[in-house]
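Engineer: missing the sequence, but the structure's below:
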């Protein structure tokens, strides 16, 4: 005799109905900006943050929609009361989007005013084919630690997009768990180091725009950096408040070299790299 399947709770069934309605409304009124804004405000006023967080988790974890559809659904629910946004984890796999769609996610974050966000996970495809053949005449450098090749004086799309994201990132002062696969850079690390005093976990895997300078920005406040070259022997040098809590930094396939690793090991004794 087959085992009886436990029925979904009333709350789960209600969430599924709400998502179905939102999805249909989004399809039927996709270009009606005024109606979408009114609908968003109505949902934010009527649903408690805890229920909206559950709906967001269902959208990002269960639904297998493309990024544009996902962000449109999330826009109805995401505001300053939401603590978690994970755009990577899926039920059966991980989700990564093309670099050209980074602005779509940044617009969602900017509109939501994520001052209460504690967990943020986003990532792009780590595909270097668009950057051209590595055998071009431009000079290349190879990271000693990761073996990643980089073209000197090249400006990635991510750097351009991130310049519009910095003001939003500065508002995320409660971040504890941050995953930025392929989308982090040195300036973003500077903001995270100065603003996210509760940070415990940082994963910047595949962010080729991050170098040893970025690790220095993460660890030390601007006053120490402006004083000149950081003395790696002086273990009493003042660090950012976030370095008191951080336990894990993952920096695979980045431009971080041996100097960056020494800085992390020397001035952040609680963490694993």
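Structural biologist: Okay, I see it. Not measured: the values here are computed from a predicted model.
Engineer: mind checking how far residue 168 is from residue 79?
Structural biologist: With distances taken as CB to CB, to the nearest Å, residue 168 is found 13 Å from residue 79. Using the backbone N, CA and C atoms, a C-beta is placed for each residue, glycine as well.
Engineer: Could you tell me which ranges of the stretch 151-273 of the chain sit under the pLDDT cut-off?
Structural biologist: Across the stretch 151-273 of the chain, residues meeting the criterion (pLDDT under 70) sit at 151-155, 227-229, 270-273.
Engineer: Please identify the buried residues of the lengthiest helix in the chain?
Structural biologist: Within the chain, and with DSSP state H defining each element, the longest helix by residue count is helix 10-28. Residues of helix 10-28 classed as buried by neighbour count (16 or more other CB atoms under 10 Å): 15, 18, 19, 22, 23, 25, 26.
Engineer: again, but for stretch 108-123
Structural biologist: Within stretch 108-123, the residues that count as buried by 16+ other CB under 10 Å are 108-110, 112, 114, 116-123.
Engineer: Keep only those of those residues that are in helices.
Structural biologist: Filtering the buried residues of stretch 108-123 for helices - DSSP H - leaves 108, 109, 110, 112.
Engineer: Now render those residues as CSV, adding pLDDT.
Structural biologist: Below are those laid out as CSV (pLDDT from 0 to 100):
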residue, pLDDT
108, 93
109, 94
110, 93
112, 91
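Engineer: Show me the helices in the protein, by range?
Structural biologist: For the chain, the helices identified by DSSP H occupy 10-28, 33-46, 49-61, 67-75, 102-112, 157-162, 166-170, 186-195, 212-219, 222-226, 258-267, in order along the chain.
Engineer: The fifth one to helix 33-46, inter-axis angle?
Structural biologist: With axes from the mean of the first three to the mean of the last three CA atoms, to 10 degrees defining the directions, helix 102-112 sits at 50 degrees from helix 33-46.
Engineer: same for helix 102-112, what does it pack against?
Structural biologist: Counting contacts by 3 or more CB pairs under 8 Å, 6 or more residues apart in numbering; DSSP states H and E, helix 102-112 packs against helix 67-75, helix 157-162, helix 166-170.
Engineer: try the last one
Structural biologist: Using 3+ CB pairs under 8 Å, 6+ apart as the contact definition, the elements that helix 258-267 packs against are helix 212-219.
Engineer: cool, the longest one as well?
Structural biologist: With contacts defined as 3+ CB pairs under 8 Å, 6+ apart, the packing partners of helix 10-28 are helix 49-61, helix 67-75.
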